[in-house]
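Student: Next comes the sequence, and after it the predicted model I'd like to discuss.
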Amino acid sequence: MQHFKYENFVDHYKALGLVLGQNIVCHSSLFSFGKCSAEDAVEALISVVGKAATIAAPAYHFEKTPFDILNPNFTGVGKFSQILFKMDGSVRSKCPVHSHVAIGPKAGGLLENNSEYSFGHKSDFDWFLKNDFDLILLGCSFSRGATYLHHIETLMQVPYRKWVSSPKQCLIAGETKIVDFKYFARSDTSFHEDFNKIPAAMKEELKIVQTPFGRSYRVSLKKLTDFVMNRISLDPYFLVKKNEDN
């Protein structure tokens, strides 16, 4: 199998239209590139957007163990995020579920977000939008990587979800504390996500580039938000579809 190298990632990011200074939140599935290095993927991205840009990635925690902001073992998000986490000056947000890690001049802003919410006002996702981030799905689909769409569902208060209280254990200064975490959870199980409809629906706004075994996507979070909010205003069930057994 041919090795996808640093220079290949540089070419890939340039094909996605990335430029110096563009802030990025990146979800990745490096299996789409075959044999490759997560270090190459991260270093190539830094070389393309430059050190004046801020790069973020998911650092999610879905385990039953207490959330520890210093623990690099994130849940199901791959090595790209772990490489970012280990870099000098990296910052991890305090949300005990949908936390993010970032490097760059704006990274410290993650610490100002409301850690009691994954989505909605003052969440990490709200911060990405307000700071003009682009979403990169590096070798992964919308259904796998576009967690941001749950933020839009929250903003639009879609009818198949509702707010629930879900207390979480957090390790703070060596002591386990309970955080009164709130989550906009799915309340109607007769529906499931249909995020993979987005590429066809947003052809004009998306940049799509082939990988050896899949595709990568780039979209402005502002354009994604405006488009999806408009669609949900017309059809509150735009991002879901009925389960076949219902």
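Tutor: Cool, the structure landed.
Student: number of nearby residues for the residue lying closest to K106 once chain neighbours are set aside?
Tutor: Of all residues not flanking K106 in the chain, T54 sits nearest, at 4.0 Å (C-beta to C-beta, 6 or more residues apart in numbering). Bear in mind the C-beta positions are built from the backbone N, C-alpha and C, glycine included. By other C-beta atoms under 10 Å, 24 other residues sit near T54.
Student: Can you get me the start-to-end distance on stretch 200-220?
Tutor: Stretch 200-220 has its terminal residues 16 Å apart, counting by C-alpha to C-alpha, to the nearest Å.
Student: That stretch: how far from the chain's middle?
Tutor: Mean-position distance between stretch 200-220 and its chain equals 15 Å (C-alpha atoms, centre = their mean, to the nearest Å).
Student: need the next SSE after the strand of greatest length in the chain, C-terminal direction.
Tutor: Longest strand of the chain, by residue count under DSSP state E: strand 214-220. As assigned by DSSP states H and E, the chain's next helix or strand after strand 214-220 is helix 221-234.
Student: taking the mean pLDDT, what do you get for that next one?
Tutor: For helix 221-234, the mean pLDDT works out to 98.
Student: neighbouring contacts of the longest strand of the chain?
Tutor: With C-beta atoms under 8 Å, 6 or more residues apart in numbering as the contact definition, strand 214-220 has outside contacts at 12, 16-18, 29, 32, 132, 134-142, 199, 202, 205-210.
Student: Kindly recompute the last result at 7 Å.
Tutor: 12, 16-17, 32, 134-139, 199, 202, 205-209 (C-beta atoms under 7 Å, 6 or more residues apart in numbering).
Student: Going through those residues, which ones are buried?
Tutor: 12, 16, 32, 134-139, 199, 202, 206, 209 (16 or more other C-beta atoms under 10 Å).
Student: Show me which of the residues you listed is closest to Y237.
Tutor: Nearest to Y237 out of these is M202 (C-beta to C-beta; 17.8 Å).
Student: tell me which residues in stretch 119-136 are buried?
Tutor: So for stretch 119-136, counting by 16+ other C-beta under 10 Å, buried means 119-120, 123-129, 133-136.
Student: Would you convert the buried ones among the contacts of strand 214-220 into TSV that also reports secondary structure and distance to F80?
Tutor: What follows is the buried ones among the contacts of strand 214-220, written out as TSV (DSSP: H, G, I helix; E, B strand; the rest coil; distance: C-beta to C-beta, whole Å):
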residue	secondary structure	distance to F80
H12	helix	13
L16	coil	15
S32	helix	12
D134	strand	16
L135	strand	14
I136	strand	10
L137	strand	12
L138	strand	7
G139	coil	10
P199	helix	21
M202	coil	24
L206	coil	21
V209	strand	17
